[in-house]
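Colleague: Test case, fold it:
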Amino acid sequence: MSDVDLVVAPCSHKAAKYAVEKWHYSGVMPAGKVVKFGVWENGQFVGAVLFSRGASDAIGKPYNLTQTQIAELTRVALSAHQEPVSRIVSVAVRELQKQSSNLRLLVSYADPAENHHGGIYQAMNWLYVGQTDADFAVIDKTGKRWHSRMVSTTGYKKSFGVVKKVIKPSDGQKVLIPGKHKYLYPLDKAMRRQIKPLAKPYPKRADVGEIESRLSTTE
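Modeller: Here you go, the predicted structure:
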């Protein structure tokens, strides 16, 4: 039995933004509607776990789910902490279910370009369903990496109904990035039965040399 007093509860946008910018490798809050849970250990704020509708408005289509029946685990932003990440995220999932009882499925991604293979999800018994297609990003002059979703030849792009200013391909260096590992977590027995045939063997963590070989600069 852990002697750590773990609390996972709704937190403010300000607290979540602080955690993401300070402790998550992306340093950027996800777009769209976000459900934010703060994490406290023995009364000290140690981070946040965020869920959202994801980057695509068709996230539930492959599973015959509506936009309100599926959510993406988009950020796990933690400072030094004592409890296993898998336990923290498990508690966050239970809290999410309490306030969103219509949810049936969670999806999340592990980025091999960041040497992530999904160990957290494996520890929680999420189902692995393979890698997404390879993609590209643009690295601007400050070193910030812009995903292809935030790149446009016009310099503007519509996201969740809002037109945003984005980077142009000519404003930085284009790099190829490997597809992300995709994991699913069913929230009811019927959904588990539906997606179980999609499950594949868990991937292992790649070594640094393998990751570097996947990241190639395009002309």
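Colleague: Contacts only, for the residue nearest to T154 when sequence neighbours are not counted.
Modeller: Nearest non-adjacent residue to T154, counting by CB to CB, 6 or more residues apart in numbering: K168, 7.6 Å away. Just so you know, the C-beta spots here come from the backbone N, C-alpha and C atoms, and that holds for glycine as well. With contacts defined as CB atoms under 8 Å, 6 or more residues apart in numbering, K168 is in contact with 151-155.
Colleague: and if you look at F37?
Modeller: 8-11, 48-51, 92, 95-96.
Colleague: In TSV: these, plus neighbour count and secondary structure.
Modeller: Formatted as TSV, those follow (neighbours: other CB atoms under 10 Å; DSSP: H, G, I helix; E, B strand; the rest coil):
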residue	neighbour count	secondary structure
V8	23	strand
A9	12	strand
P10	12	strand
C11	20	coil
A48	27	strand
V49	27	strand
L50	23	strand
F51	24	strand
A92	23	helix
E95	17	helix
L96	20	helix
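Colleague: Let me know the closest of those residues to V163.
Modeller: L50 (23.6 Å; CB to CB).
Colleague: is that closest one in a bridge, and if so with what?
Modeller: Beta-bridge partners for L50, by DSSP bridges, are K36, R75.
Colleague: From R193, how far out is it?
Modeller: L50 sits 28 Å away from R193, going by CB to CB, to the nearest Å.
Colleague: ditto for E83
Modeller: Taken as CB to CB, the span from E83 to R193 is 31 Å.
Colleague: Same drill for the two, tell me which one is more crowded.
Modeller: Neighbours were tallied for E83 and for R193 using other CB atoms under 10 Å; the higher tally belongs to E83 (17 against 10).
Colleague: That one and V4 touch, don't they?
Modeller: Yes: contact criterion CB atoms under 8 Å: E83 and V4 qualify, at 5.5 Å.
Colleague: mind checking how far the residue nearest to T154 is from M150?
Modeller: K168 is 11 Å from M150, by CB to CB.
Colleague: For the spatially closest residue to N42 that is not a sequence neighbour, give me its contacts.
Modeller: The shortest distance from N42 to any non-neighbouring residue, by CB to CB, 6+ apart, is to D5 (5.0 Å). Going by CB under 8 Å, 6+ apart, D5 touches 40-43.
Colleague: which secondary structure element contains V93?
Modeller: helix 85-99 (DSSP states H and E).
Colleague: I meant L106, not that one.
Modeller: strand 105-110.
Colleague: for that strand, packing partners?
Modeller: Where contact means 3 or more CB pairs under 8 Å, 6 or more residues apart in numbering; DSSP states H and E, strand 105-110 is packed against strand 70-78, helix 119-123, strand 181-186.
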